[in-house]
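**Q** Take this sequence and fold it.
(3 chains)
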Amino acid sequence: MEWEVVIGLEIHAQLATKSKIFSGASTQYGAEANTQACAVDLGLPGVLPVFNEEALRMAVKFGLAIDADIGKKSVFDRKNYFYPDLPKGYQTTQLHHPIVGMGHIDIELDDGSTKRINVTRAHLEEDAGKSVHEGFGSMSGIDLNRAGTPLVEIVSEPEMRSAKEAAAYFRKMHSIVTYLGICDGDLSQGSMRCDCNVSLRPKGQEEFGTRTEIKNVNSFRNVERAIESEIERQMDILEDGGSIVQETRLYDADKNETRSMRSKEVANDYRYFPCPDLLPVIIDDNYIEAVRETLPELPDDKRARFVKDHGLSVNDAAVLASDRELAHYFETVAHSANDYKLAANWVQGDVSAALNRLEISISELAVSAEQLGHILKLIKDNTLNTGGAREVFNALLEGKGDDTVASVDKLVDSLGLKQVSDTGAIEAIVEKVLADNPKLVEGYLNTPEDKRAKAIGPFIGLTRKAAAGVNPQVVMDVLKKKLSELG
Amino acid sequence: MALDQQQVRDIAELARLQLDDNQIAEYQKNLSSILDLVDQLSAVDTSSVEPMAHPLDAVQRLRADAVTEENQRDHFQQCAPQTENGYYLVPRVVE
Amino acid sequence: MHTKTIAEIARDLAAGEYSSVEITTDLLNRVKQLDGDINSFITVTGEQALAQAKAADERRAAGQAETWTGIPMAHKDIFCTDGVVTSCGSKMLSNFAAPYDATVVEKFNQAGAVSLGKLNMDEFAMGSSNESSFYGPVANPWNKDHVPGGSSGGSAAAVAAGFVPGATATDTGGSIRQPAAFCGVTGIKPTYGRVSRWGMIAYASSLDQGGCITRNAEDAAMMMNIMAGYDAKDSTCVEQPVPDYTSTLNDSLEGMTIGLPKEYFSSDLSADMQQAVRDAISEYEKLGASIKEVSLPNARLAIPAYYIIAPAECSANLSRMDGVRFGYRCDDPQDINDLYKRSRGEGFGGEVKRRIMIGAYALSAGFYDAYYKKAQQVRRLIKNDFSAALKEVDILAAPVSPTPAFKRGEKTSDPVEMYLEDIFTISLNLAGMPGMSIPCGQVNNLPVGLQLIGDYFAEDRLLNAAHKFQQATDWHLKTPAGI
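**A** I've put the predicted structure just below:
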């Protein structure tokens, strides 16, 4: 039978606020256990929550970025369940009145087309703490530093039809929230996590099949792999005439398989009800419009502008616009060099290669955008040739300069990379080359006019060998002139 | 509305309350009579009434995003049943 | 010294009649000698009290005394007190030395008051007789076989027994007004949101309200001057100026209209209770008020609505009592679920478990609309009743309880019978309006209370009406035999 895959994602993005959603404790990552868990985060008797205005603003910003309905009245609910990393025994979240309603984003497919994925809703909630299972013998250690960190949970419609689409959706969301500056997007620190709902149905059937939920997948690659392996597992069961159990599963990246989370099998009854310690959050059009004013250019707009205004290919534009930092770097380079295409080639070529090789992010690159822009400017005014430019770039990478633009000029000098473009000097070199190679000259002169362009090659090589850093264009011009004088 | 013993057990499980069999029987009786009391509500027509969550129909106030809390771990953990290296300890949680 | 009011003590301290250390010592001795029979205190903080009293005397000597400097009082054990066990009347928190002060506690500390300790209460404020406390029942000073009412039974009994001139208290369904009535003292439940709930251990968050119990309305006004006000730490606390409640106490009642909700004068109320309340109302007529009958048509729905809303909220509020970060933990837990179930099973008493279970059931899948949503709708109907009535009249007058203080053990076997005790008080918590209870008579040598109800933030009006009544009558001056 031919099966259709149905995927919906729930993405949890930690909001980049300084303090927690309902308390004044820091949200900074990596602190010693429980040093950033205040009385409210610990759920001590008698404590009360007060809502962080920045969390609200960020959630609204997100809603506007995905063209969503903004909830002018949003309500916090309590979701009740017992778990040691959930201090109050309930999570404060939004069930019936989320801050962000129906919206959408577009993802780019491999064939270059785009597909719209609708976002059902996005709501504000508090993160839980962490349980540590190593190092405490028969016990687990509970660290509540993360408890109360603001999250926006973004729920998609079940509109993705392959693991690749799901990964593209996750990537696009990542790109949007980082562009907006509302999430640091650091997947390794759990700043964005993804739950994947996966089901299969016979192609053509309207009704959804039974789904499973893969919890807490935290990389683009694992989203794709986890879903692939889950699709395979479900297909095997269905092909054998079995049926899928609706359950929560975990992805084991080492084994590349999902497994059932047996501990969560007990049916949960979350007993949601409006949190009586918090009042309805009311915002008006003025508030929404003021937030809209602060929206930066988003990845889709940026990509379109790269193509339309600067003549970049759709592919180049998509890659360069996907990441806010990368796009910013690229635009700074392009602006400084006044050449988007040259900048695009360099950022996607040497820069990307360096990032991959050194396994660093663009913000950690030793060559600043201003420096690279200056290097490209030197190419354009013929001070450097491509090889020389690359040498300067690598020298900066190796820490041979400092972070100033002047450092580029110093390296060009100290490495002797400046091209000789002075015609007089080149004429002297060329004359010597011609004098030293009479046989080559003779051969050239015997070459028919229409084939001479090719025959000039060896002279160029010899000239450049005789003097490194000569401007190839000037060499060509001088050679042509001198040779034509000979015959 | 009368609850059966299994329902009482299920509710106790949901609320994480250990009850012995005698207590189950007692709660079955008490909870059922409380539910009879509250079942008076079902006769009221409330179809056009907006539920009221708070007496004052007030709106949520917002707090500035500032870190105002300092580390008080040692102070807070003085009242904790069991801690080690700053962590709260519980019997091992399996996932 | 032990029957003096807050206002009298303030005057005496200012006049140098005695020092704060002297009266504090005197009252501490009384507690030591007499509270064994009453059991109104859970924790007596004698050393701290004397240190506070000494500091107060020093401030006074330095000319820095204010109204409250050196005045003794005590807190219901529901308010967190930094470093002092805050048990909420429960085994669950019997080892919980709170690591911070409730806003109310902080305000009294800052005002220079002297706290003698923490007062007994029904476990987690769930009860109408103070019989559900882990620390044992409180006796009514008027008759020790009788209950003092609840949940603020310790607060009411301590004031009636002359241990403190005033005490903080809380009211979720009548927990200030009913014990005040049972013990012949004055109690005020302010408007929801008037007093900060920060550090006041939550029972039912949308109903809980801190207030106080005192000997008379003037003292209540003095306590309210300290307690009331905005607190940025409580989202539900209202940002509205606090008047000086003592400044309007003597305003004339001439022209005031008092409404009598006819539903509260039905057969639920015995003839002699009815008579005591009617006599009080006649007194108001003498003071210049006019009386009008009003109706609260949905009054009978208050108890059923309350017993959905309060248990639902408490079932979630008490989930944090899980034996992980504070409080009682069972011995030798086998796994995390065992830890939860036994810590909670052993740490909570019967009434608390009952309400948690009712709440969990009412909120569980499939029942939400029939129970919780329905109760919230009925809540609005009840609120609308009060608002409509208070458009017609200035304040309402009503009984506080169907009977005077009943005997200990009389109603413990049937929880529903106990719940019906709150029939006249509970609706006000649903509506969120302020209410008072003042002594207005006696039945069977036990005090009877008169309930006064006002519109939102009309505490000043209620205190005024209560004070004028107390200027004209002496019910509030009566003390139990031997006190």
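**Q** Can you tell me, leaving aside adjacent residues, what's nearest to the residue in chain B that chain C sits nearest to?
**A** Residue of chain B nearest chain C, by CB to the nearest CB: residue B:55 (2.2 Å). Yep, even glycine has a C-beta here, placed from its N, CA and C like the rest. The shortest distance from residue B:55 to any residue other than its chain neighbours is 2.2 Å, reached at residue C:432 (CB to CB, 6 or more residues apart in numbering or on different chains).
**Q** Strands of chain B, residue ranges please.
**A** Using DSSP state E, the strands found in chain B span residues B:62-63, B:83-84, B:87-91.
**Q** Can you say which of those is nearest to residue C:45?
**A** Among the strands of chain B, the nearest to residue C:45 by CB to CB is strand B:83-84 (26.6 Å).
**Q** which residues are in contact with the closest one?
**A** A:136, A:139, A:141, B:77, B:89 (CB atoms under 8 Å, 6 or more residues apart in numbering or on different chains).
**Q** swap in stretch A:234-242?
**A** Residues outside stretch A:234-242 that contact it (CB under 8 Å, 6+ apart) are A:1, A:3, A:198-200, A:209, A:212, A:243-244.
**Q** So which bits of it are buried?
**A** If you call a residue buried by 16 or more other CB atoms under 10 Å in any protein chain shown, then stretch A:234-242 has these buried ones: A:234, A:238.
**Q** what's the residue nearest the centre of chain B in contact with, if anything?
**A** The centroid of chain B falls nearest to residue B:15 when counting by CA atoms, centre = their mean (6.9 Å). The contact partners of residue B:15, taken as CB under 8 Å, 6+ apart, are C:315, C:344, C:353, C:356-357, C:360.
**Q** same check, this time on residue A:275
**A** If you count contacts by CB under 8 Å, 6+ apart, residue A:275 has them with A:49, A:76-78, A:92.
**Q** Next step: those residues restricted to strands.
**A** Those of the contacts of residue A:275 lying in strands (DSSP E): A:77-78, A:92.
**Q** And these, which is closest to chain C?
**A** Closest to chain C, out of all of the ones in strands among the contacts of residue A:275 and judged by CB to the nearest CB, is residue A:78, at 5.0 Å.
**Q** Count the neighbours of the closest residue to that closest one other than its chain neighbours for me.
**A** Sequence neighbours aside, residue A:90 is the residue nearest to residue A:78 in space, at 4.1 Å (criterion: CB to CB, 6+ apart). Residues lying near residue A:90 (other CB atoms under 10 Å in any protein chain shown) number 25.
**Q** OK, now which residue of chain A is nearest to chain C?
**A** Going by CB to the nearest CB, chain C is nearest to residue A:89 of chain A, at 2.4 Å.
**Q** The residue nearest to that residue when sequence neighbours are not counted: what's it in contact with?
**A** Residue nearest to residue A:89 in three dimensions, not counting chain neighbours: residue C:319, with 2.4 Å by CB to CB, 6+ apart. Going by CB under 8 Å, 6+ apart, residue C:319 touches A:80, A:82, A:88-90.
**Q** May I have the phi/psi pair for residue C:319?
**A** phi -70, psi -30 (degrees, to the nearest 10).
**Q** just residue A:200 next, same as before
**A** Backbone geometry at residue A:200, expressed as degrees, to the nearest 10, gives phi -120, psi 150.
**Q** Need the per-residue pLDDT for the nearest residue to it once chain neighbours are set aside.
**A** Spatial nearest neighbour of residue A:200, chain neighbours left out: residue A:3 (4.5 Å); criterion: CB to CB, 6+ apart. pLDDT, residue A:3: 94.
**Q** Residue numbers of chain B in contact with chain A?
**A** Taking CB under 8 Å from any CB of the partner chain as the criterion, chain B approaches chain A at residues B:14, B:16, B:53-54, B:58-69, B:71-73, B:76-77, B:82, B:84-95.
**Q** what's the neighbour count on residue 110?
**A** Chain wasn't specified; assuming chain A. By the measure other CB under 10 Å, the count of residues near residue A:110 is 9.
**Q** Actually, chain C is the one I wanted.
**A** A total of 12 residues lie near residue C:110 under the criterion other CB under 10 Å.
**Q** Am I right that it is in a helix?
**A** Yes: assessed with DSSP: H, G, I helix; E, B strand; the rest coil, residue C:110 lies in a helix.
**Q** Need the pLDDT of it.
**A** In this model, residue C:110 is scored at 98, pLDDT.
**Q** Return the residues in contact with the residue nearest to residue A:200.
**A** Listed by CB under 8 Å, 6+ apart, the contact set of residue A:3 reads A:200-203, A:235, A:238.
**Q** Dump the residues you listed to TSV, plus distance to residue A:41.
**A** Listed next are these as TSV, based on distance: CB to CB, whole Å:
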residue	distance to residue A:41
A:200	41
A:201	43
A:202	48
A:203	49
A:235	44
A:238	44
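**Q** Show the buried residues in the residues of chain B next to chain A.
**A** By 16+ other CB under 10 Å, the residues of chain B next to chain A give B:14, B:16, B:53-54, B:58, B:60-63, B:65, B:67, B:69, B:71-73, B:76-77, B:82, B:86-91, B:93 as buried.
**Q** which ones among those residues are found in helices?
**A** B:14, B:73, B:76-77 (DSSP state H).
**Q** Farthest pair within those?
**A** Among these, B:14 and B:73 lie farthest apart (CB to CB), at 32.1 Å.
**Q** Residue C:379 and residue C:127, how far apart?
**A** Distance of residue C:379 to residue C:127, computed by CB to CB, to the nearest Å: 22 Å.
**Q** cool, and residue C:335?
**A** For residue C:335, the distance to residue C:127 (CB to CB) stands at 33 Å.
**Q** neighbour count winner among the two?
**A** Between residue C:335 and residue C:127, counted using other CB under 10 Å, the more crowded position is residue C:127 (30 against 14).
**Q** Next, the contact list for the more buried one, please.
**A** C:133, C:150-151, C:351, C:418.
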